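Chemist: Quick one, structure for this:
(one chain, ligands or ions: 2)
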Amino acid sequence: MLPTALSDTIVALSTPPGAGAIAVVRLSGPRAIELANGVFRGKNLTEQPGNTLHYGTLRTDTGEVLDEVVVGLFRGPHSYTREDVVEISTHGSDYIVRELLALLVRRGARLAEPGEFTKRAFLSGAFDLAQAEAVADLIAADSALQHRVALNQMRGGFSQELKELRQQLIDFAALLELELDFGEEDVEFADRSGLLRLLTHVQTVVQRLLRSFELGNVIKNGVTTVIAGRPNAGKSTLLNALLNEERAIVSAIPGTTRDFIEDEVSLDGIKFRFVDTAGLRETTDEVEAIGVQRTRQRVEQASVVLYLFDLITASPAEVAADIAALPVPGSARLLLVANKLDQAPPASVAIFQQQFPDLLLLAAAPRTGLDELRQHLLATVRREGLDAGSATIVTNLRHARSLEVAAQALEAVQLGLNTGAGTELVAADLRQALRALGEITGDISSDDLLSSIFTRFCIGK
Ligand code: GDP
Ligand code: ZN
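Modeler: Residues are numbered from 1 along each chain as shown. Ligands and ions are numbered 1, 2, ... in the order given. Okay, here's the model as predicted:
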């Protein structure tokens, strides 16, 4: 049975608002075709088969022509939401869209909430929750890898893997529950050593998925790389070179970059977000002092900290002191980069190299040594999961949290079995693991969870 809330017909603009070549207004629900037909002159839409396109005009309540349109007709269950769906392609005018929406609402359609089309698709079983969330990821994807991972998840790769795990555990849980039903009697239907073997297997998969989140997070959110260093080290010049455009302000006066300038570039399919900072030096200038404070904050949040110094003016002692003072988080990588190689005396370059064996040398202004820097940046990203090709990569924080809960519960089951704990305890822990895994795909879901997921979509999705 579908919830009664599904029985109304929703409508929304499904293309971005604002003027465009075409705007698509989408209807979904039992009256979708009838309502569209009421504002359409052309063929009688109610008599047309699904998966068809129809040319005609839109008419206002007084019969005036509003636009010439193409209507796409989809009959449930062969539609995105599994309900009847109509997509009206109008000319991309805000006025036409507003009038059309008003017409349809007057005739009984309701304006859709954010993500409501996708929510209906989920509720009608067209896909599970992880797949629905992947729709949002796919829409937001702006790098090749992000796109690939979202597409894989939307097509059910992740869901399938979880379903199999869950099914195996459910079979065992059922046997344990049966034992509990027998109460006092000392029966064991579930083979304990078989369960332990299964748990080891499931844990392996869950741990692999959890590890993949590190990479998944990088794919989805990018690698935040903070460029830190003293004024005039060449940070803005380097940022420009990496971004290949004149974004940051380059100047020969120390301390010019007071605001953070950041932008993203995709290296080898992975998004890097570069942040240029205001410098590190101790200062009495109030504005600059705020900049230094903010630099420290950005460094604390970075995945990669690129410390840049000027080979011509810096001393090894100064560089060592700066690095020691940088609040680089434990999880972040520090790249030590020397700039202005083009004008540096070879003897001093050699001294730096001796003291800092990992030092990368480059010249940001003439743009030499940048490829090697890019390679080092890419090497900071763990890429094991990627080379496995189609292996599932977890990109969603919600999924990662559920997997963590599942892993802990499974560990408790293992411990319980190994220490001969009562069936009751073991069964309870197993139920918790099942619940956590089920939450990912939405086999187990609450209204709160659903609304928190779907309200993050845009209206019309
Ligand atoms: P920031 O304060 O660290 O952002 O430094 P800028 O990027 O503003 O650069 C400071 C000065 O160093 C500018 O005059 C740049 O032209 C110069 N500069 C930057 N990179 C190089 C380089 O590779 N070689 C040389 N010779 N000068 C550079
Ligand atoms: Zn700068």
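
Chemist: can you tell me the helix or strand for the closest residue to Arg367 other than its chain neighbours?
Modeler: Leaving aside its chain neighbours, Arg367 sits nearest to Ala241 (5.0 Å; criterion: C-beta to C-beta, 6 or more residues apart in numbering). Every residue, glycine included, has its C-beta placed from N, CA and C. For Ala241, the enclosing helix or strand under DSSP states H and E is helix 235-243.

Chemist: just how off-centre is that helix within its chain?
Modeler: Averaging C-alpha positions (C-alpha atoms, centre = their mean, to the nearest Å) puts helix 235-243 27 Å from its chain's average.

Chemist: again with stretch 416-433
Modeler: From the chain centre to the centre of stretch 416-433 is a distance of 35 Å (C-alpha atoms, centre = their mean).

Chemist: what is the mean pLDDT for that stretch?
Modeler: Over the span of stretch 416-433, the pLDDT mean works out to 90.

Chemist: Touching it from outside, list them.
Modeler: Stretch 416-433 has contacts (C-beta atoms under 8 Å, 6 or more residues apart in numbering) with 169, 172-173, 176-177, 179-180, 192, 195-196, 199, 405-406, 409-410, 412-413, 415.

Chemist: From those, keep the buried residues only.
Modeler: Those of these that meet the buried threshold are Leu169, Phe172, Ala173, Leu176, Glu179, Leu195, Leu199, Ala406, Ala409, Leu410, Ala412, Val413, by 16 or more other C-beta atoms under 10 Å.

Chemist: So which of the residues you listed are in strands?
Modeler: Counting by DSSP state E, none of the members of these fall within strands.

Chemist: Just grab the bridge partners of the residue in the stretch 301-450 of the chain positioned nearest to ligand 2 for me.
Modeler: Nearest to ligand 2 in the stretch 301-450 of the chain, going by C-beta to the ion, is Leu308, at a distance of 10.0 Å. Taking DSSP bridges as the rule, Leu308 bridges to Val337.

Chemist: now it: how far from ligand 1?
Modeler: Using C-beta to the nearest ligand atom, to the nearest Å, we find Leu308 at a distance of 7 Å from ligand 1.

Chemist: Then Glu318?
Modeler: Distance, Glu318 to ligand 1, using C-beta to the nearest ligand atom: 14 Å.

Chemist: residues in contact with that residue?
Modeler: By C-beta under 8 Å, 6+ apart, the contact list for Glu318 reads Arg230, Phe309.

Chemist: so it, which of the three states?
Modeler: Three-state call for Glu318 (DSSP: H, G, I helix; E, B strand; the rest coil): helix.

Chemist: Pull the helix holding Ala241 out as CSV, backbone CA atoms only.
Modeler: Output in CSV follows, covering the C-alpha atoms of helix 235-243 (Å, rounded to 0.1, in the frame of the first residue of the first chain):
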residue,chain,number,x,y,z
LYS,A,235,51.9,31.9,-2.6
SER,A,236,49.6,33.9,-4.8
THR,A,237,51.8,33.4,-7.8
LEU,A,238,51.7,29.7,-7.2
LEU,A,239,48.0,29.6,-6.8
ASN,A,240,47.5,31.5,-10.0
ALA,A,241,49.8,29.1,-11.8
LEU,A,242,47.9,26.1,-10.4
LEU,A,243,44.6,27.6,-11.3
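
Chemist: buried ones in it?
Modeler: Lys235, Ser236, Thr237, Leu238, Leu239, Asn240, Ala241, Leu242, Leu243.

Chemist: Just the buried ones among the contacts of stretch 416-433: which are in helices?
Modeler: Leu169, Phe172, Ala173, Leu176, Glu179, Leu195, Leu199, Ala406, Ala409, Leu410, Ala412, Val413 (DSSP state H).

Chemist: Determine which two of the residues you listed are furthest apart.
Modeler: Glu179 and Ala406 (22.3 Å; C-beta to C-beta).

Chemist: Ligand 1 next: which of the buried residues of helix 235-243 are close?
Modeler: Among the buried residues of helix 235-243, the ones lying near ligand 1 by C-beta under 6 Å from any ligand atom are Lys235, Ser236, Thr237.

Chemist: re earlier: which one among the buried ones among the contacts of stretch 416-433 sits at the bottom for pLDDT?
Modeler: Among the buried ones among the contacts of stretch 416-433, Glu179 has the lowest pLDDT, at 81.

Chemist: Skipping adjacent residues, who's closest to that one in space?
Modeler: Leaving out its chain neighbours, Glu179 is closest to Thr423 (C-beta to C-beta, 6+ apart), at 5.0 Å.

Chemist: ranges for the strands of this protein?
Modeler: Assigned by DSSP E, the strands in the chain fall at 10-13, 20-28, 40-41, 52-59, 65-74, 85-92, 110-111, 223-228, 261-267, 270-276, 304-310, 333-339, 360-361.

Chemist: Need the ones you listed in TSV (columns: mean neighbour count and mean pLDDT).
Modeler: What follows is those, written out as TSV (neighbours: other C-beta atoms under 10 Å; pLDDT from 0 to 100):
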stretch	mean neighbour count	mean pLDDT
strand 10-13	24	96
strand 20-28	20	95
strand 40-41	16	98
strand 52-59	16	97
strand 65-74	19	97
strand 85-92	22	97
strand 110-111	14	95
strand 223-228	25	90
strand 261-267	17	79
strand 270-276	23	85
strand 304-310	24	94
strand 333-339	21	94
strand 360-361	18	96
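
Chemist: so who does the residue most central in space within the chain touch?
Modeler: Nearest to the mean C-alpha position of the chain, by C-alpha atoms, centre = their mean, lies Lys220 at 4.2 Å. Lys220 makes contacts with Asp137, Gln146, Val149, Thr395, Asn396, as judged by C-beta under 8 Å, 6+ apart.
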